[in-house]
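*Asks:* just a sequence and a predicted model for now, questions to come.
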Protein chains: 2
Amino acid sequence: MGELIAAVEELVRYVRRSATTGELSTTASAVLNRLGREGPRRLTELARAEHVSQPSMTQLITRMERDLLVTRGSHRTDGRGVLVEITDTGRTMVRQRHTERALALGRLIEKLSEPEQRAVLIALPALARVIHGP
Amino acid sequence: MGELIAAVEELVRYVRRSATTGELSTTASAVLNRLGREGPRRLTELARAEHVSQPSMTQLITRMERDLLVTRGSHRTDGRGVLVEITDTGRTMVRQRHTERALALGRLIEKLSEPEQRAVLIALPALARVIHGP
DNA sequence: TATTGTTATACTCTATAACTATA
DNA sequence: TATAGTTATAGAGTATAACAATA
């Protein structure tokens, strides 16, 4: 088990270093992916979904707006609300980072033996499933 | 490949949340593990090994010293040098965090089918090997 | 009164530049 | 002159508490 933990940590560090475009933080990256995938979202929704406080999300969105990755719009029916939307610049960055990660993981996988590659294709999706799943 | 990337990201986020004792940062945790494994090390060595700047390591060690996790000692032969050493408190924290991660990963793995478990035991060490590898 | 979002403040973690002390 | 380490300063990212505006 000790060896497995070490392996996971290696993998974590490797992945964290592989997507460098835009130098987005983990949370910023997750927010941008979410906005690209699900469309405009309220600030509070984003804070809850990414497990950060509302003020933290306010500040993150302020920085991301300054960097032209997202825009703040007003909510149609709730005067208190803010709708955060991804920009074209943001979409481009999401695509670039996705490509970078895919390349990095691809380079890793092609160094493995055939049986190891098959094991990876089974192991990683299975782990993701049980992390998410009930 | 898209699914694999998503899987790795799930795993990364899961692991990052699993070891909570002491609320150590990634770098602090890596430094503490290293000092426990390899014995006292110079500040510059630690900075290089963890890919952070020397001033960042100075500040991290200052905070860790304040929290009684490490001590600063002087180098025997080099008057400029500092030797950082883990304390008993630090060792205890390393053990606790290791146990937490092992439990978290164990809980995950026991939800997998037998073939999936075998795949994980092959895939993760293989990935770690090629990340490190030549 | 409850919710949404912002502002104020503080701490961690990171960096670069400038400095001190020793080799 | 080069290396080891610290200090000064700044910015990202996080939190809690206090606040304003709207529901």
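*Replies:* Right, received. Where do you want to start? Residues are numbered from 1 along each chain as shown, chains lettered A, B, ... in the order given.
*Asks:* show me which positions of the top helix by length along chain A end up buried.
*Replies:* Identified as the longest helix of chain A according to DSSP state H is helix A:88-109. Within helix A:88-109, the residues scored as buried using 16 or more other Cβ atoms under 10 Å in any protein chain shown are A:Gly90, A:Met93, A:Val94, A:Arg97, A:His98, A:Arg101, A:Ala102, A:Ala104, A:Leu105, A:Leu108, A:Ile109. Where you see a C-beta, it was placed from the backbone N, CA and C, and this is true even at glycine.
*Asks:* with distance to B:Ala6 and pLDDT as extra columns, can I get those residues in TSV?
*Replies:* As requested, these are exported to TSV (distance: Cβ to Cβ, whole Å; pLDDT from 0 to 100):
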residue	distance to B:Ala6	pLDDT
A:Gly90	19	97
A:Met93	18	93
A:Val94	13	91
A:Arg97	13	87
A:His98	10	86
A:Arg101	10	82
A:Ala102	11	83
A:Ala104	14	82
A:Leu105	11	85
A:Leu108	16	88
A:Ile109	15	92
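*Asks:* wait, which of those is closest to A:Glu45?
*Replies:* A:Gly90 (17.1 Å; Cβ to Cβ).
*Asks:* and the longest helix of chain A, how far out from the chain's middle?
*Replies:* From the chain centre to the centre of helix A:88-109 is a distance of 11 Å (Cα atoms, centre = their mean, to the nearest Å).
*Asks:* same deal with stretch A:39-48?
*Replies:* The answer for stretch A:39-48 is 14 Å, by Cα atoms, centre = their mean.
*Asks:* buried residues, that stretch. List them.
*Replies:* For stretch A:39-48, using 16+ other Cβ under 10 Å, the buried residues are A:Arg41, A:Arg42, A:Leu43, A:Glu45, A:Leu46, A:Ala47.
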